[in-house]
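Novice: Got a predicted model here, sequence first, then my questions.
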Amino acid sequence: MSPIERENDIVLLVDDSPESLGFLTAALEDAGLTVLVARSGEMALGIADRVTPDVVLMDAVMPGLDGFETCRRLKTVPALGHIPIIFMTGLTETEHIVHALDSGGVDYLSKPINVDELRARIRVHLANARRAQSAHIALDAAGRHLVAFAAEGPLLWSTPQASRLLTRSGIDAEQEGPMSERFLEWLKSAGGSPDAGGGFDVAAAGSPGLQLSFLGLVAGEEYLFRLSSARTEGTEDALRQAFGLTQRESEVLLWIARGKSNKDIGDILGLSPRTVNKHLEQVYTKLGVENRASAAIKAVQALQVVAEF
């Protein structure tokens, strides 16, 4: 057995032909794979809703919901978006191959299926999917505030830290319409070929907003951004000058004045709550106060003085 084909790898096999199902199931089980069988697109969607497969083998032409539409529907489910879907088809015209790939497939095989070729392609696509998934997990574990957009505008994924920051800033990551629109405006203004270092801001009503800084194009199709609180240099400078604070201390005090908890501030600034607390201790000392309420009052008073000039 190949090291890529582990015994717990699950293949969802979708085909309306009993002969094909029997032949392919036997071949895949001989390779140590677990096979789930669906004789229609509707059945495949039902199975995938209950059990997450590692790879999907999809017949293109089936009565009712065909393989192309079934693939598109599977790809709209966030938990299934990373799963490779390999088409099996007797259609060999270029337009059909393009249709399969446009629907979300990663590969196609012409019928009759060569078992050795099928197993080889499964190995390759399982390895690629695991590398991509491992990269996302590594980013999550690193605590990075990252989001990625598709060229057409949809938000593809975000790390848990970025999702929390979006939520705390009043932006619903599940309804990314305004954010996608801003991304498309930015991409158009860059002529479709942006340079790293650029970016754009987004904000919900009553929120100071967030800044998305472009990091680069990943795998030729994902526009990767770092998410951070929108710059508030004027107010931070005022607090820094009024109380002799460092840059980070002034940022922490500004968010204290806006009523944020240590955890919220950590998510916004990319710090741990413990680090936020250490900065806050220095802020208390420099302001001559003993608690966050008193610090917030002093910050608001200082900002009001600045606003009057």
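Specialist: Received, thanks. In this text, all values refer to a predicted model and were calculated from it rather than measured experimentally. Residues are numbered from 1 along each chain as shown.
Novice: Neighbours of L21, how many?
Specialist: The number of residues packed near L21 is 18, by other C-beta atoms under 10 Å. Every residue, glycine included, has its C-beta placed from N, CA and C.
Novice: What strand or helix carries it?
Specialist: Assigned by DSSP states H and E, L21 belongs to helix 18-30.
Novice: So which elements touch that helix?
Specialist: Helices and strands touching helix 18-30, by 3 or more C-beta pairs under 8 Å, 6 or more residues apart in numbering; DSSP states H and E, are strand 10-14, strand 34-38, helix 115-141.
Novice: I'd like the distance from that helix to the chain centre, please.
Specialist: 35 Å (C-alpha atoms, centre = their mean, to the nearest Å).
Novice: Which strand residues bridge the residue nearest to the spatial centre of the chain?
Specialist: Most central in the chain under C-alpha atoms, centre = their mean is W157, positioned 1.3 Å from the mean C-alpha point. Beta bridges link W157 to A148, judged by DSSP bridges.
Novice: Then V35?
Specialist: The partner residues for V35, given DSSP bridges, come to V11.
Novice: Tell me who's in contact with it.
Specialist: Residues in contact with V35 (C-beta atoms under 8 Å, 6 or more residues apart in numbering) are 10-11, 13, 24-25, 28-29.
Novice: Restricted to buried residues, select those residues in PyMOL.
Specialist: The PyMOL command for the buried members of the contacts of V35 (criterion: 16 or more other C-beta atoms under 10 Å) is given here:
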select buried, resi 10+11+13+24+25+28
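Novice: got a markdown table for the contacts of V35, with pLDDT and distance to V115 too?
Specialist: Output for the contacts of V35, formatted as a markdown table (pLDDT from 0 to 100; distance: C-beta to C-beta, whole Å):
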| residue | pLDDT | distance to V115 |
| --- | --- | --- |
| I10 | 90 | 18 |
| V11 | 93 | 13 |
| L13 | 95 | 13 |
| L24 | 92 | 8 |
| T25 | 93 | 12 |
| L28 | 91 | 9 |
| E29 | 90 | 12 |
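Novice: Which of the contacts of V35 sits closest to N277?
Specialist: Among these, I10 lies closest to N277 (C-beta to C-beta), at 45.1 Å.
Novice: and that closest one, how far is that from R50?
Specialist: Going from I10 to R50 by C-beta to C-beta, to the nearest Å gives 12 Å.
Novice: go on, F214?
Specialist: For F214, the distance to R50 - C-beta to C-beta - is 39 Å.
Novice: which of these two has more neighbours?
Specialist: The neighbour comparison of F214 against R50 (other C-beta under 10 Å) goes to F214, with 21 against 7.
Novice: In the stretch 51-200 of the chain, where is pLDDT below threshold?
Specialist: 92, 131-144, 173-176, 196-197 (pLDDT under 70).
Novice: ranges for the helices of it?
Specialist: Using DSSP state H, counting those that start in this stretch, the helices of the stretch 51-200 of the chain run over 67-75, 94-102, 115-141, 160-168, 177-189.
Novice: got TSV for these, with mean neighbour count and distance to S40 too?
Specialist: Formatted as TSV, those follow (neighbours: other C-beta atoms under 10 Å; distance: least, C-beta to C-beta, whole Å):
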stretch	mean neighbour count	distance to S40
helix 67-75	21	8
helix 94-102	14	18
helix 115-141	15	21
helix 160-168	19	35
helix 177-189	16	33
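Novice: List the contacts of the residue nearest to the centre of the chain.
Specialist: 78, 81, 136, 147-148.
Novice: Return the closest of the residues you listed with respect to K111.
Specialist: Of all these, G81 has the smallest distance to K111: 26.8 Å, by C-beta to C-beta.
Novice: neighbours around the closest one, how many?
Specialist: Counted with other C-beta under 10 Å, G81 comes out at 12.
Novice: Can you give me the buried ones in stretch 209-216?
Specialist: In terms of neighbour count (16+ other C-beta under 10 Å), stretch 209-216 has its buried residues at 210-212, 214-215.
Novice: Repeat that for stretch 45-57.
Specialist: Buried residues in stretch 45-57 (16+ other C-beta under 10 Å): 45, 47-48, 53-57.
Novice: for the stretch 201-309 of the chain, what spans make up the helices?
Specialist: Secondary structure of the stretch 201-309 of the chain (DSSP H, counting those that start in this stretch): helices at 233-243, 247-257, 262-269, 273-287, 292-308.
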